[in-house]
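Undergrad: Take a look and give me a structure for this.
(one chain, ligands or ions: 1)
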Amino acid sequence: MADEHSPLESEIRRLIAIAGPMPLAEYMRLCLTHPQYGYYMNRDPLGAGGDFITSPEISQMFGELIGLWMAAVWRQMDEPQDVRVVELGPGRGTLMHDALRAAKVVAAFANAIVVHLVEVSPALQQVQERRLEHLGVAVSWYRTLEEVPNGPSIVVANEFIDALPVRQAVKGNDGWHERVVDVAPEGHLCIATARDSLPVFETSMPRALRDAPLGAIYEWRTDDFALELGRRMRKDGAALIIDYGHERSGLGDTLQAVAEHSFADPLRVPGRADLTAHVDFEALAQCAESMGARIYGPIRQRDLFLRLGIEQRAAALKASAPQKAADIEIALSRLLAGGARGMGELFKAIAIAAPELGSLPGFEPPS
Ligand code: SAH
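TA: Numbers count the residues shown, from 1 in each chain. Reported below is the predicted structural model:
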């Protein structure tokens, strides 16, 4: 019989047939970064006609203010030469492009920068190369943060962690059971529950969530990324992480699929939709802090950008290009929007830094 599934779905079914139901995190990893068929691997999901739009693509103000943030942090670090400016998951390179352009106002900083980009997708790496080539800065690419050379670094990431695979467990009578992807009797892919409970799982969960009701879902990412970030930042580093998620660890399934700007079913057409899950900022902070780094925030994206002066920047842009004033105003309100789904409120910013740097711009305690 001819195989009617997409190549990635056939591969996932083959793996399930061999090894049994697949943990959700493994499914997510294959959907996003399978070398041939992964969602990010051979397309630009952010381009015109793409699936979703991110803050740096909405307005140049986003990257510019991050560039000025980096310059200020570099001064707090005592102005190291060859400072590594690292971006995780740079997408189309827009944030870095706008940040480097803005950072030129501090010439000594601009001259000290070596750019390191962590990108798994060959297609997006090409887009980044084209975007940054005329800026005249040295840029190197890596597939993981571990590969980036150690040393004084300023790290930024927007909508990167949400793409890192999540695991999920559901509370049953005899403990927590991992949620897995399986083939339903009717033949389609489905979410199922592993038969055996996860051994000694509850002690790894936040205390407040342990007596969750039957059927509750707990979601987590493995600690390795957050530990590595904390290890690097505790000495001579600062990271600014912006993403959607919750300030406190909680219960619930936040896995979502997006294609063509609409929500889709995460199990349909694997590899053709973006799969993400909310960032648990409390878990991220705890891991990084356990390595000796200091944590600032999380605060709402809206608060960070207001403190960094986005309104003043918008006013300056409008004054220099009055014909674009309406567009600038729309972009500003999108980035700062309140409400559960508004980017200013749903998106949070957290900074992870060496303790001796002191308070970071935008994260000062309210006076
Ligand atoms: N930061 C950009 C793009 C966000 S999309 C923006 O704000 O516009 C997520 C980015 O992370 C893409 O560049 C994607 O290819 C990259 N990515 C996703 N998973 C990754 C992984 N496991 N390792 C490295 N990069 C990854």
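Undergrad: Please compute how far the helix or strand hosting Ala123 lies from its chain's middle.
TA: Using DSSP states H and E, the element containing Ala123 is helix 122-132. Helix 122-132 sits 18 Å away from the centroid of its parent chain (Cα atoms, centre = their mean, to the nearest Å).
Undergrad: what about that helix and the ligand, any contact?
TA: Yes: Helix 122-132 reaches the ligand (Cβ under 6 Å from any ligand atom) through Leu124. For the C-beta atoms, the positions are set from N, CA and C on the backbone; glycine is no exception.
Undergrad: can you list the residues that contact that helix?
TA: 40-44, 47, 90-94, 96-97, 100, 115, 117, 119, 139, 141 (Cβ atoms under 8 Å, 6 or more residues apart in numbering).
Undergrad: can you tell me the average pLDDT over that helix?
TA: On average, the pLDDT along helix 122-132 is 96.
Undergrad: Only the buried residues of it, if you could.
TA: For helix 122-132, the neighbour count (16 or more other Cβ atoms under 10 Å) marks 124-125, 127-128, 131-132 as buried.
Undergrad: Adding distance to Gly309, write the residues you listed out as CSV.
TA: Below are those laid out as CSV (distance: Cβ to Cβ, whole Å):
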residue, distance to Gly309
Leu124, 30
Gln125, 32
Val127, 29
Gln128, 27
Arg131, 25
Leu132, 25
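Undergrad: Can you tell me which of those residues is closest to the ligand?
TA: Ranked by distance to the ligand (Cβ to the nearest ligand atom), the buried residues of helix 122-132 are led by Leu124 at 4.6 Å.
Undergrad: if I look at the closest one, how far off is Arg231?
TA: 26 Å (Cβ to Cβ, to the nearest Å).
Undergrad: Lowest-scoring secondary structure element of this protein by mean pLDDT?
TA: strand 262-264 (a mean of 89; mean pLDDT, DSSP states H and E).
Undergrad: quick one: contacts for the spatially closest residue to Trp220 that is not a sequence neighbour?
TA: Of all residues not flanking Trp220 in the chain, Arg167 sits nearest, at 5.8 Å (Cβ to Cβ, 6 or more residues apart in numbering). Going by Cβ under 8 Å, 6+ apart, Arg167 touches 23-25, 178-179, 219-222.
Undergrad: so of the residues you listed, which ones are in strands?
TA: By the criterion of DSSP state E, membership of the contacts of Arg167 in strands covers 23, 178-179, 219-220.
Undergrad: neighbours around the spatially closest residue to Val118 that is not a sequence neighbour, how many?
TA: The shortest distance from Val118 to any non-neighbouring residue, by Cβ to Cβ, 6+ apart, is to Leu88 (4.7 Å). Number of residues near Leu88 (other Cβ atoms under 10 Å) recorded here: 25.
Undergrad: For Leu88, name its beta-bridge partners.
TA: Val118, Ala157 (DSSP bridges).
Undergrad: The longest helix anywhere in the chain - contacts with which helices or strands?
TA: With secondary structure taken from DSSP state H, the chain has its longest helix at helix 60-76. Using 3 or more Cβ pairs under 8 Å, 6 or more residues apart in numbering; DSSP states H and E, the elements in contact with helix 60-76 are helix 55-58, helix 94-103, helix 107-112, strand 153-158, strand 237-246, helix 301-307, helix 310-320, helix 325-336.
Undergrad: which helices and strands does the last one pack with?
TA: This points to helix 325-336. Partner elements for helix 325-336 (3+ Cβ pairs under 8 Å, 6+ apart): helix 55-58, helix 60-76, helix 301-307, helix 310-320, helix 343-346.
Undergrad: ok, now which ones touch the residue of the stretch 251-367 of the chain at minimum distance from the ligand?
TA: The minimum distance from the stretch 251-367 of the chain to the ligand, using Cβ to the nearest ligand atom, falls at Asp274 (7.8 Å). Taking Cβ under 8 Å, 6+ apart, we find Asp274 in contact with 32, 39, 45, 51-52, 163, 257-259.
Undergrad: so what's the most centrally placed residue in the chain up against?
TA: The centre of the chain sits closest to Phe160, judged by Cα atoms, centre = their mean, with a distance of 2.0 Å. By Cβ under 8 Å, 6+ apart, the contact set of Phe160 is 88-89, 241, 243.
Undergrad: same check, this time on Glu228
TA: Glu228 touches 145-146, counting by Cβ under 8 Å, 6+ apart.
Undergrad: May I have the secondary structure class of it?
TA: Following DSSP: H, G, I helix; E, B strand; the rest coil, Glu228 is assigned to helix.
Undergrad: Rank the contacts of Arg167 by pLDDT and give me only the lowest.
TA: Thr222 (91).
Undergrad: How about residues contacting stretch 312-332?
TA: Counting by Cβ under 8 Å, 6+ apart, residues outside stretch 312-332 touching it are 58-59, 61, 64-65, 310-311.
Undergrad: Just the buried ones from those residues?
TA: Going by neighbour count (16+ other Cβ under 10 Å), the contacts of stretch 312-332 have 58-59, 61, 64-65, 310 buried.
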